[in-house]
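> one predicted model, sequence on top.
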Protein chains: 4
Amino acid sequence: MFFASDNWAGAHPAINERLSRESTRFAAAYGTSDLDKTVEARFNEIFERDVSVFFVSTGTAANSLSLASVARVGGVVFAHSEAHVIEDECGAPDFFSAMRMVPVEGESGKIDPEKLAARIAGFPQGHVHHGRAAAVTLTQATESGTIYSLDEIDALTGVAKANGLPVHMDGARFANALVSLGCTPAEMTWKRGVDILSFGGTKNGCWCAEAIVFFNPDLARDFAFIRKRAAQLFSKTRFISAQFEAYLQDDLWLGMASHANAMADRLRAGIRSLNSARLAWDTTSNEIFAVLDKASAKAAETRGAKFYDWPAPHNMPEPVRDNEMLIRLVTSFATTREDVDQFLSICGAG
Amino acid sequence: MFFASDNWAGAHPAINERLSRESTRFAAAYGTSDLDKTVEARFNEIFERDVSVFFVSTGTAANSLSLASVARVGGVVFAHSEAHVIEDECGAPDFFSAMRMVPVEGESGKIDPEKLAARIAGFPQGHVHHGRAAAVTLTQATESGTIYSLDEIDALTGVAKANGLPVHMDGARFANALVSLGCTPAEMTWKRGVDILSFGGTKNGCWCAEAIVFFNPDLARDFAFIRKRAAQLFSKTRFISAQFEAYLQDDLWLGMASHANAMADRLRAGIRSLNSARLAWDTTSNEIFAVLDKASAKAAETRGAKFYDWPAPHNMPEPVRDNEMLIRLVTSFATTREDVDQFLSICGAG
Amino acid sequence: MFFASDNWAGAHPAINERLSRESTRFAAAYGTSDLDKTVEARFNEIFERDVSVFFVSTGTAANSLSLASVARVGGVVFAHSEAHVIEDECGAPDFFSAMRMVPVEGESGKIDPEKLAARIAGFPQGHVHHGRAAAVTLTQATESGTIYSLDEIDALTGVAKANGLPVHMDGARFANALVSLGCTPAEMTWKRGVDILSFGGTKNGCWCAEAIVFFNPDLARDFAFIRKRAAQLFSKTRFISAQFEAYLQDDLWLGMASHANAMADRLRAGIRSLNSARLAWDTTSNEIFAVLDKASAKAAETRGAKFYDWPAPHNMPEPVRDNEMLIRLVTSFATTREDVDQFLSICGAG
Amino acid sequence: MFFASDNWAGAHPAINERLSRESTRFAAAYGTSDLDKTVEARFNEIFERDVSVFFVSTGTAANSLSLASVARVGGVVFAHSEAHVIEDECGAPDFFSAMRMVPVEGESGKIDPEKLAARIAGFPQGHVHHGRAAAVTLTQATESGTIYSLDEIDALTGVAKANGLPVHMDGARFANALVSLGCTPAEMTWKRGVDILSFGGTKNGCWCAEAIVFFNPDLARDFAFIRKRAAQLFSKTRFISAQFEAYLQDDLWLGMASHANAMADRLRAGIRSLNSARLAWDTTSNEIFAVLDKASAKAAETRGAKFYDWPAPHNMPEPVRDNEMLIRLVTSFATTREDVDQFLSICGAG
């Protein structure tokens, strides 16, 4: 019953098998091997256009260096107030981009387009004291477990483009959002106006595979230097390429995300039917936020369930009562139906 | 005949097997799992004292963040003029530490202690214009394939300590140096006055395993934040821990380094016996610098040998003639006797 | 009728005369002359304790380097959401300190102590993802023209100290606040728990005189290097010292601030008596925020009055109507009674 | 007998008078007043083309921000090994530009064009490990008191342009070099291929007046933000403009530099005629490096002469003997013939 995070899971056997095979041969270092080139080309197919792809070690690196690639002196980046780049990366985006993250509010973890426009308007061109607008970043799926619809993405990129700003998407859970929307990778990104993508594989069955995808090759002009100076150029890059090769083969990545989402659906349905628990708000990805009565939570923990307490946001539809607690549950490619059912059963008995 | 670099090799089967095993289970993220703690404790045994260990993704990250941990505003770091931190890391050490790397000369890739003392003296205390001395870093084995003797390390750390400076060792090829000297890890580091070590595993049979070892825990006080802000905290850290567990078990790491060095010895001996080649200078690690006549070099390349041309340093004992070229050859855990012999045979026939 | 800002004023004749005198002699550079030392000692008297004083070129430099002096990797600084360090310094505080500014709300431009405590609590110790609390900065007088009472400062420094955080005060309008409260410099700063002060002279009759005052000398240990690396060490520092010598002599600085405040009082009283204008909110410094009917504003501008339109904050007691506008008026040592009366007369006739 | 540095002098009466006049009026802040625009236009005349001019507080700021304006991630800047940006600015150029300063050797404080070309060649395009060439900076007059001829400047800018690199000139003593060469400002800068100039006024009779002049306006596109984020935007900028107005009026600046150079000529001639002293090497600016017998030096110091001991460079034509010392003497607009003659007389009697 490991629901603490999808990064508690291991790696998919197919990925592991591919890594093993890679380990037995020699090949050129620093991302110049044939395998590296093959996998880079694979991203062109996935996204239905020529893209520039760079591998890095962590999601924080992917986000930080994406923003560094559009850095302007005195620049500010607009992000949801609960975005990972603001809340959970220890200032790495600010450090690598030498820009400031400016929080924008919005319901359900999603940036409100009108509030975004108003925030951007607070940085009029040429007004040197405030700094200047430099980029917009949005997270898909969001940190609240919700997913932007294609129209919602359009609305945000529309505001950004109207202000001449590039758009970055933090796709740490890109695959979960994708299969939930049922669209293509292209439709969820560059066809909507997204310029740069943090394409995460680690949370979805790899052990360490994060890519930055530039849909606008011009933005990638300096990136080889940005990555190297950031100490993110692996000598044995091909071991990341190998993971991505297996990940993208035969839709493995989509299958893993579908499974994780299905397990989350099962959890959501189960929680809805319990007296001792309720969904804190609606989610459609592999993340669930639930209000549990404390007795049930304790019982589950005693039986080995892993999950995180979560700080209650100020705008919850229904407040958390004294005998309750808010928790986050995350499913992954490795979550089993048995784990889900056991958890629900314990809570139901609580 | 892959002699281009030891980072062209794959990963040792035992390491690969350990990774496979790790992939099948759930465990806590961000370096807090039991395995992470077990492996950290293993470093205490290896170094015969309580150390603080942090894993990062690349050797450049290990060096850069080591220096960042002793950063002082306006500080300068003294390094050999050909050191990796100066020549090959795209300014990452300067970027992460916000310090400057000051080159010190010395024969055979080794810092000359007298020149080090003179350089440090150029930064008198309280003279704000020049900046101030902040650290000394040395590479073991050196970028020239040579190895500091224990006395030579003593001499450098002596100069550093006399000036109140912490000492960092870039141990990208730590194991190769260690087995060459035939001493213990403790004897080659903290017993000589080294405070911080970049402990490299990637070049010696891991696919991605670099550690920073603090012998002085005080210096590690802020390091968790330094690493996180540098985007170097893996969510699935335990896959690095797993590599190191296998690496350090039953002296696997020492065995791999001994093998690489033995293959280099075989190459060295063979080259000494050739008319068409000679050693450019003496080395004792798994790196060899050889002067080959161009015909032999071409023949070897045609037959699939991989190696790098190398720029001739200005102080070579015997210059490279027009019909010759300087090349670097590096052996690894995966180099075979057959590869060595085939290469020598081609060159001998050239 | 120059009410745009107090930095539109020139320099006081006494300061100017002192500069002229200084220009005729030779003296040691980089802040080591006798005059520099004399003036530094003068700050000890002003603050009734041994302080460390450093001169810099701008208020932005004073704030940024103050925060740089307490920088911690991954650190965050708590400031009012409308503070100059957040709104008006183009990210310089973030750049020099490599920390993030975290906004805290509060009425009337003042940080609310409870909200400060809650914000700090959001950065629990050892939680590396969020970053860590590093400092609190407050502005006296505030950007809203209000002034913290001594008790209000106590409340904020109390929260900071309870969390082990140093406190910085942005005193760009320190003198105006001081004479308004009628207390001593010591009472408004270190006796309240303030550790570092940006002591501004430029807005109050100097042409370029900003000082950073460390009440805790330990915090100044590295500061000579911080300032030099920030390109803020003047070669002819003594020309800043000369300004401060005249500024602090015979209470000139207090006299100038009293005059500016008195002119603001006169403006406030006048506006209260007008039909065409009202005070947007109460202020007690030399800054006034007034709601004017547009006709009056236009008439004043036509007659040469200078002032800034101001964006209406979201929490104004009484909204700005369509035929009105919010403006900021600032008085200075050079503001005359005639200017004030003329402005009021024009508005009254409007 | 103040020969320690030209920044020990005060300010010229005409400059002082202009400042006094400026102090009595109100004007717009942050460099937007009429005076600011007038003085900016004056720079167009001085340089015979449209230039972009920005004022900053120190020479270190001028150099650092000039280099920041051409910053590239992973970039390196080529400078003479004894250049101020390497030796005397506490790493500020590296800090503001996030680039590394790479030393190039050359006789007499001047970069050797062939060595420059060789150094640049060490950073081949696309080789991410080394970093990449980003700019060349040269100092006119040099830190050794010598002056590049126009042909010598051509040679260096030629190498730079052949490699696509912008060229910065550190003109802390621009006027001294200019009057020594007897050419126009345009001939010594953009007509020779210089793109950016640190135009120093402080050492030549101002008290604080440093400008950055962009001959290529494209390079200045982001500069308003670079300066503001660097905390170098004075609120009362017009007091710098006022200094420059007086400085540039009726060739005051050229007159002051001519006087300083003439006093240096008189010193040089005197020293050549002494037995107790000799010129360490030839200089043609207002800086002199002399070898004095220690008795004479002591006698001069006893009588109040101020000068600096100087570390002997390794390549001096004639070594400094035990009874001698190397000193630096600098003249300025304020140096008198009497001071020079008294100093020579004391040394001659020694």
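Done, it's in. Numbering: from 1, shown residues only, chains lettered A, B, ... in the order given.
> where do the helices sit along the stretch 1-150 of chain A?
Taking DSSP state H, counting those that start in this stretch as the criterion, the stretch 1-150 of chain A contains helices spanning A:13-22, A:34-47, A:59-68, A:84-87, A:92-97, A:113-121, A:150-162.
> from those, which stretch is densest packed?
Scoring those by mean neighbour count under mean count of other CB atoms under 10 Å in any protein chain shown gives helix A:59-68 as the most buried, with a mean of 28. To be clear about C-beta, it is placed using only N, CA and C from the backbone, and glycine gets the same treatment.
> show me what it is packed against.
Helix A:59-68 makes packing contacts with strand A:52-56, helix A:84-87, helix A:92-97, strand A:132-139, strand A:167-171, strand A:196-200, strand A:210-214, helix A:223-229 when contacts are defined by 3 or more CB pairs under 8 Å, 6 or more residues apart in numbering or on different chains; DSSP states H and E.
> report the angle between that helix and strand A:210-214.
Our comparison of helix A:59-68 with strand A:210-214, counting by axes from the mean of the first three to the mean of the last three CA atoms, to 10 degrees, yields an angle of 20 degrees.
> near chain D, which residues of chain A?
Contacts of chain A with chain D, taken as CB under 8 Å from any CB of the partner chain, map to A:30, A:68, A:72-74, A:98, A:126, A:128-129, A:131-132, A:222, A:224-226, A:228-229, A:233.
> which of these count as buried?
Buried by 16 or more other CB atoms under 10 Å in any protein chain shown: A:30, A:68, A:72-74, A:98, A:128, A:131-132, A:222, A:224-226, A:228-229, A:233, out of the residues of chain A next to chain D.
> re earlier: for residue D:337, find the nearest of the helices of the stretch 1-150 of chain A.
Evaluated over the helices of the stretch 1-150 of chain A, closeness to residue D:337 peaks at helix A:92-97, with 56.4 Å, by CB to CB.
> do that closest one and chain C meet at all?
Yes - residues of helix A:92-97 contacting chain C under CB under 8 Å from any CB: A:94, A:95.
> how far does that helix sit from the chain's center?
Between the mean C-alpha location of helix A:92-97 and the chain-wide mean there is a distance of 18 Å, by CA atoms, centre = their mean, to the nearest Å.
> between the buried ones among the residues of chain A next to chain D, which sits nearest residue C:2?
Set against residue C:2, the nearest of those by CB to CB is residue A:128 (21.7 Å).
> so what's residue A:232 closest to, chain neighbours aside?
Computed as CB to CB, 6 or more residues apart in numbering or on different chains, the closest residue to residue A:232 that is not its neighbour in sequence is residue A:56, at 4.4 Å.
> leaving aside the residues adjacent along the chain, what's closest to residue A:193?
By the measure of CB to CB, 6+ apart, the closest residue to residue A:193 outside its immediate chain neighbours is residue A:157, 3.1 Å from it.
> surely that neighbour is in contact with residue A:167?
Yes - counting by CB atoms under 8 Å, residue A:157 touches residue A:167, with 5.0 Å between them.
> between these two, which contacts overlap?
With contacts defined as CB atoms under 8 Å, 6 or more residues apart in numbering or on different chains, the residues shared by residue A:157 and residue A:167 are A:136, A:193, A:194.
> dump the helices of the stretch 1-150 of chain A to TSV, plus mean pLDDT.
Converted to TSV, the helices of the stretch 1-150 of chain A look like this (pLDDT from 0 to 100):
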stretch	mean pLDDT
helix A:13-22	96
helix A:34-47	97
helix A:59-68	98
helix A:84-87	97
helix A:92-97	98
helix A:113-121	97
helix A:150-162	98
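> count of residues packed around the residue in the stretch 251-350 of chain A that chain C sits nearest to?
Of the stretch 251-350 of chain A, the residue with the smallest distance to chain C, taken as CB to the nearest CB, is residue A:311 at 8.1 Å. Residues contacting residue A:311 under the criterion other CB atoms under 10 Å in any protein chain shown number 8.
> now residue A:349
Burial measure for residue A:349: 12 neighbouring residues, criterion other CB under 10 Å.
> does stretch A:81-90 come close to chain B?
Yes - counting by CB under 8 Å from any CB, chain B is contacted by stretch A:81-90 at A:89, A:90.
> measure that stretch end to end?
15 Å (CA to CA, to the nearest Å).
> quick one: it near chain C?
Yes - shown here: stretch A:81-90 in contact with chain C (CB under 8 Å from any CB) through A:87, A:88, A:89, A:90.
> shaky segments in chain A?
Within chain A, the segments meeting pLDDT under 70 span A:350.
> go with 80
Residues of chain A meeting the criterion pLDDT under 80: A:314-315, A:350.
> domain ranges for it, per the record?
A:11-252, A:254-349 (automatic domain parsing).
> okay, the ones you listed, which one's buried deepest?
Of all the domains of chain A, domain A:11-252 has the most neighbours on average by mean count of other CB under 10 Å, namely a mean of 22.
> which strands and helices sit next to the lengthiest helix in chain A?
As far as residue count goes, and with DSSP state H defining each element, the longest helix of chain A is helix A:252-272. Where contact means 3+ CB pairs under 8 Å, 6+ apart, helix A:252-272 is packed against helix A:174-181, strand A:277-279, strand A:287-293, helix A:337-349.
> adding distance to residue C:262, write these out as TSV.
Output for these, formatted as TSV (distance: least, CB to CB, whole Å):
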stretch	distance to residue C:262
helix A:174-181	62
strand A:277-279	62
strand A:287-293	57
helix A:337-349	69
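> that older thread, ok, now how distant is the residue of the stretch 251-350 of chain A closest to chain C from residue D:151?
Applying CB to CB, to the nearest Å, one obtains 70 Å for the distance of residue A:311 from residue D:151.
> equivalent analysis for residue A:281, please.
From residue A:281 over to residue D:151 the distance is 74 Å, taken as CB to CB.
> residue A:212 now?
Spatial separation of residue A:212 from residue D:151 under the definition CB to CB is 48 Å.
> by proximity to chain D, which residue of the stretch 201-350 of chain A wins?
For the stretch 201-350 of chain A, the nearest residue to chain D under the criterion CB to the nearest CB is residue A:225, separated by 3.7 Å.
> does that residue really touch residue D:73, like I thought?
Yes - with contacts defined as CB under 8 Å, residue A:225 counts as touching residue D:73 at a distance of 4.6 Å.
> and the gap between the residue of the stretch 251-350 of chain A closest to chain C and chain B?
Between residue A:311 and chain B the distance, using CB to the nearest CB, to the nearest Å, works out to 18 Å.
> do the same with residue A:174
Distance of residue A:174 to chain B, given as CB to the nearest CB: 15 Å.
> try residue A:188
If you go by CB to the nearest CB, the gap between residue A:188 and chain B works out to 23 Å.
> what does the longest helix of chain A contact?
Outside of helix A:252-272, the residues within contact range by CB under 8 Å, 6+ apart are A:3, A:6, A:12, A:14-15, A:175-176, A:178-180, A:201, A:204-205, A:246-247, A:277-279, A:283-288, A:290, A:329, A:331-333, A:335-337, A:339-341, A:343-344, A:347-348.
> chain center to it: distance?
Averaging C-alpha coordinates over helix A:252-272 and over its chain gives two centres that are 16 Å apart (CA atoms, centre = their mean).
> could you give the angle of that helix to helix A:337-349?
Taking the same axes, to 10 degrees, one finds helix A:252-272 and helix A:337-349 inclined to each other by 20 degrees.
> ok, now which ones touch the residue positioned nearest the centre of chain A?
The central residue of chain A, meaning the one whose C-alpha is nearest the mean C-alpha position (CA atoms, centre = their mean), is residue A:172 at 2.1 Å. By CB under 8 Å, 6+ apart, the residues touching residue A:172 are A:59, A:62, A:84, A:139, A:198, A:200, A:203.
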